[in-house]
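K.L.:
Fold the following, please.
(2 chains)
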Amino acid sequence: MQNFPGVGVSPGRIIGTVRQMPKPISEPPAGEQLAAGVTPEDATAALKAASQAVHDELKGRAAHATGDGKAVLEATALMAKDTMLIKGAAKLVARGLSSERAIWESGSSVSEMLHNLGGYMAERATDVLDVRARIVAELRGVAAPGIPTSTTPFVLVAEDLAPADTATLDPNKVLALVTAGGGPQSHTAIIARSLGLPAVVAAVGVDELPDGTEVYVDGAAGTITSEPDDSLRSAADAWAATASLLAEFSGTGTTADGHLVPLLANVGGGKDAEAAAKLGAQGVGLFRTEFCFLERDSEPSVEEQAAAYKSVFDAFPGKKVVLRTLDAGADKPLPFLTDSTEPNPALGVRGYRTDFTTPGVLDRQLEAIALAEKQSEADVWVMAPMISTAEEAARFASMCADAGIKTPGVMVEVPSAALTAEAILREVGFASLGTNDLTQYAMAADRQLGPLAALNTPWQPAVLRLVGLTVEGSRAEGHNKPVGVCGEAAADPALAVVLTGLGVTTLSMTARSLAAVAAVLKTVTLAEAQQLAKLALSAPSATEARAWVREKLPVLNELGL
Amino acid sequence: MPERIATIASRSGLHARPAALFAEAAGNAGVDVTISMQGEPADEALDAASILSLMTLGAAKGDVVVLRADGDGADQALDALVTLLETDLDAE
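P.N.:
Model (predicted):
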């Protein structure tokens, strides 16, 4: 047995065999020449054969795909043998460059050209780079980049997963996700929780495990063990039995003494919302509207937006739906709204701030929300992301009022908003803590970076203090304005108890976590939760805050959480 | 050289799925087909079988393009491709 400690980001205990995500294709060295004895004619023929093989492979996958995925695969397959790409490379080969280097450079120039055209074409630029990497892999005789295909389910191990990888992940084929890099807020963590897959990130060394190695993954403890023994096998069996118990949520979030903490769902669209309603969510605490905008080269019309919003509202008649206005920028660029050349996008024009540079989009979105609300029975609240000052909160509130939206609010993600919560809450009706960004900004640590994973956890006492300050600000304001949490922190059952103790009024999370959070919350009284919150705040480090609180919550271990 | 003009009928223009379908059909036409915007010189025409070229052409719905081909079967091939361009492929 060999043990690999990491950071557990999605609970579950399973045993399975490793399949490594192929390493990204490295750039062929600049100026790499044809090998001795290889003529340009041979190299061009090899290039054409490789491009045909990549085309055939993608075309084959398209045949099994449906909808948008099929269309993208078909278009990508055509790019693989596109004359513009291949002729460009053949010219370079004729001048003596190796076929790998030639296709690399040809792909760069085509991709750059598409990028410069902007809009839809710019979005396809990355497809050209993907095709280029596949052709180089084919020429080198190594595995193509992307999630491996397999007929039997496996434990996917990678350096880190990008959003594009996770989009093609088939939850029926993957038992667990394990990454050597990445942090608790990385895409790997978020996708794992939404799919209900056990996951461990920042587990150094796992990317060296050979394919086919049998491993035990504990997504709560954050460990991977190779060649598991009988005790680990029975732990995995026990999890399989309790997992089914944790799948049911009664539909009322409460502490043992009856203090109600509504448990809401984070959703991206109508399908998500229907699934969340089936899982018992008491409403929606975060409706991420940018999912209606992504993959778009232009802004959707007011009517189109209203229809998308209504599909979510209709899943929760009579219940609260908190909608977040467009949160573009940083890791969610939109070609018609954000500037991809900013040197520091996380600190750039993103979220509410895009209204400074592209006014009108937000007004039209608010108009669409008001329109959808009129046609539905949900209790619609609307909040702006990335609010930093009371002045911005006031302006957003007046924009909402102009559109006829009754309950405006703000996201608290920027530390300045937590520190001035009292003044901000005088302007709006509620606040919702986005703990992912709040952590990244409080700790000055990029949430995608593996080496910073230890900094990037909402267990950091500094982050918990900012949560506490936001609640205090609401109390000082005097009208009991709700302060919810809608970041990934709310999905961690132990942290959910701490947040409740800090005075947070609602918890919103990926719907699959509702049952686990409810199960743990109902084992503690409000006074106990407050004690645990104090304990966490007094800890000198995030690791100790987590360990101390978990120690006082034995139910976590019993449930394998 | 035989040539035809066609008006783009697909709502999204010659992008995405319509571009893929058209490029594939042009590639299977049996003759080399070029495409250019109406009024552009013939020697700047692009390879109609190249999806990347079609994307850079940037033809929107209602734009008029010129298709050219030479050799055996050029006329039939062009006629079939004109029909494809003048169909709203987004509607299918």
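K.L.:
Where does A:Glu422 sit: helix, strand or coil?
P.N.:
Secondary structure, DSSP: H, G, I helix; E, B strand; the rest coil: A:Glu422 is helix.
K.L.:
what's the neighbour count on it?
P.N.:
17 (other C-beta atoms under 10 Å in any protein chain shown). Yep, even glycine has a C-beta here, placed from its N, CA and C like the rest.
K.L.:
Likewise for B:Leu52?
P.N.:
Counted by other C-beta under 10 Å, the residues lying close to B:Leu52 total 27.
K.L.:
Thought A:Ala80 was touching it, still the case?
P.N.:
No - between B:Leu52 and A:Ala80 there is no contact under C-beta atoms under 8 Å: 10.8 Å.
K.L.:
just the helices in chain B please.
P.N.:
B:16-27, B:51-57, B:74-85 (DSSP state H).
K.L.:
right, so the ones you listed: which one is the most enclosed?
P.N.:
Greatest average neighbour count among those goes to helix B:51-57 (a mean of 24), per mean count of other C-beta atoms under 10 Å in any protein chain shown.
K.L.:
can you give me how far that helix is from the chain middle?
P.N.:
Between the centre of helix B:51-57 and the centre of its chain there are 10 Å (C-alpha atoms, centre = their mean, to the nearest Å).
K.L.:
avg pLDDT for that helix?
P.N.:
Across helix B:51-57, pLDDT averages out at 89.
K.L.:
is chain A contacted by that helix?
P.N.:
Yes - applying C-beta under 8 Å from any C-beta of the partner chain, one finds helix B:51-57 touching chain A at B:51-53, B:55-56.
K.L.:
Can you tell me which residues in chain A are near chain B?
P.N.:
A:71, A:74-75, A:78-79, A:82-85, A:110, A:113-114, A:117, A:120-121, A:124, A:128.
K.L.:
for the nearest residue to A:Met113 once chain neighbours are set aside, what are its contacts?
P.N.:
Among residues not flanking A:Met113 along the chain, B:Thr56 sits closest, at 6.5 Å (C-beta to C-beta, 6 or more residues apart in numbering or on different chains). Listed by C-beta atoms under 8 Å, 6 or more residues apart in numbering or on different chains, the contact partners of B:Thr56 are A:113-114, A:117, A:121, B:46.
K.L.:
Include neighbour count when you put those residues into CSV, please.
P.N.:
Shown next, in CSV, are the contacts of B:Thr56 (neighbours: other C-beta atoms under 10 Å in any protein chain shown):
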residue, neighbour count
A:Met113, 16
A:Leu114, 23
A:Leu117, 15
A:Met121, 19
B:Leu46, 19
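K.L.:
Now, these that are in helices?
P.N.:
Among the contacts of B:Thr56, the members falling in helices (DSSP H) are A:113-114, A:117, A:121.
K.L.:
What number of residues are in the vicinity of residue 66?
P.N.:
I went with chain A, as the question did not name one. Counted by other C-beta under 10 Å, the residues lying close to A:Thr66 total 8.
K.L.:
ah, I was thinking of chain B
P.N.:
B:Val66 has 17 neighbouring residues, counting by other C-beta under 10 Å.
K.L.:
My guess is it contacts B:Met1. True?
P.N.:
No - at 10.8 Å, B:Val66 does not count as touching B:Met1 under the criterion of C-beta under 8 Å.
K.L.:
which residues sit in contact with B:Leu81?
P.N.:
B:Leu81 is in contact with B:4, B:6, B:22, B:25-26, B:29, B:33, B:48, B:67, counting by C-beta under 8 Å, 6+ apart.
K.L.:
buried sites along stretch A:398-406?
P.N.:
Residues of stretch A:398-406 classed as buried: A:399-400, A:403, A:405 (neighbour count, 16 or more other C-beta atoms under 10 Å in any protein chain shown).
K.L.:
correction: stretch A:288-298
P.N.:
Going by neighbour count (16+ other C-beta under 10 Å), the buried part of stretch A:288-298 is A:288-290, A:292-293, A:296-297.
K.L.:
Other residues contacting that stretch?
P.N.:
A:68, A:119-120, A:123, A:266-269, A:299-300, A:305, A:308-309, A:323-328, A:332, A:334-336, A:365.
K.L.:
hmm, which of the residues you listed are the buried ones?
P.N.:
Here, 16+ other C-beta under 10 Å leaves A:120, A:123, A:266-269, A:299-300, A:305, A:308-309, A:323-328, A:332, A:334-335, A:365 buried among the contacts of stretch A:288-298.
K.L.:
and the residue nearest to A:Leu514 when sequence neighbours are not counted, how many neighbours?
P.N.:
Of all residues not flanking A:Leu514 in the chain, A:Phe249 sits nearest, at 4.3 Å (C-beta to C-beta, 6+ apart). Using other C-beta under 10 Å, the number of residues around A:Phe249 comes to 21.
K.L.:
ok, now A:Asn557?
P.N.:
Close neighbours of A:Asn557, defined as other C-beta under 10 Å, add up to 12.
K.L.:
And it, how far from A:Pro11?
P.N.:
Distance, A:Asn557 to A:Pro11, using C-beta to C-beta, to the nearest Å: 11 Å.
K.L.:
For stretch A:370-382, measure first residue to last.
P.N.:
This stretch, stretch A:370-382, spans 10 Å end to end (C-alpha to C-alpha, to the nearest Å).
K.L.:
If you count neighbours, what's buried in it?
P.N.:
Result for stretch A:370-382 [16+ other C-beta under 10 Å]: buried residues A:370-373, A:376, A:378-382.
K.L.:
Identify, from those, the entry nearest to A:Thr168.
P.N.:
Nearest to A:Thr168, judged by C-beta to C-beta, of these is A:Ala372 at 30.9 Å.
K.L.:
That closest one contacts A:Lys310, doesn't it?
P.N.:
Yes - assessed by C-beta under 8 Å, A:Ala372 is found in contact with A:Lys310 at 4.2 Å.
K.L.:
Identify each buried residue in stretch A:199-207, please.
P.N.:
For stretch A:199-207, a neighbour-count test (16+ other C-beta under 10 Å) marks A:199-203, A:206-207 as buried.
K.L.:
quick one: which two of those residues are the most distant?
P.N.:
Pairwise over those, using C-beta to C-beta, the maximum falls at A:Ala199 and A:Asp207, 15.0 Å.
K.L.:
shaky segments in chain B?
P.N.:
Residues of chain B meeting the criterion pLDDT under 70: B:92.
K.L.:
longest helix of chain A?
P.N.:
Under DSSP H, chain A gives helix A:40-64 as its longest helix.
K.L.:
Does anything pack onto it? Which helices or strands?
P.N.:
Under the contact definition 3 or more C-beta pairs under 8 Å, 6 or more residues apart in numbering or on different chains; DSSP states H and E, helix A:40-64 sits against helix A:67-80, helix A:83-94, helix A:99-117, helix A:119-140.
K.L.:
could you redo these as a markdown table and give each row mean pLDDT?
P.N.:
Output for those, formatted as a markdown table (pLDDT from 0 to 100):
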| stretch | mean pLDDT |
| --- | --- |
| helix A:67-80 | 82 |
| helix A:83-94 | 94 |
| helix A:99-117 | 92 |
| helix A:119-140 | 87 |
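K.L.:
Mind checking the ones you listed for the one nearest to A:Ala50?
P.N.:
So among the helices and strands packed on helix A:40-64, helix A:119-140 is nearest, using C-beta to C-beta, at 4.0 Å.
K.L.:
In terms of secondary structure, what does that closest one contact?
P.N.:
Partner elements for helix A:119-140 (3+ C-beta pairs under 8 Å, 6+ apart): helix A:40-64, helix A:67-80, helix A:83-94, helix A:99-117, helix B:51-57.
K.L.:
Turn those into JSON lines, columns for distance to A:Pro262.
P.N.:
Formatted as JSON lines, those follow (distance: least, C-beta to C-beta, whole Å):
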{"stretch": "helix A:40-64", "distance to A:Pro262": "42"}
{"stretch": "helix A:67-80", "distance to A:Pro262": "34"}
{"stretch": "helix A:83-94", "distance to A:Pro262": "53"}
{"stretch": "helix A:99-117", "distance to A:Pro262": "45"}
{"stretch": "helix B:51-57", "distance to A:Pro262": "48"}
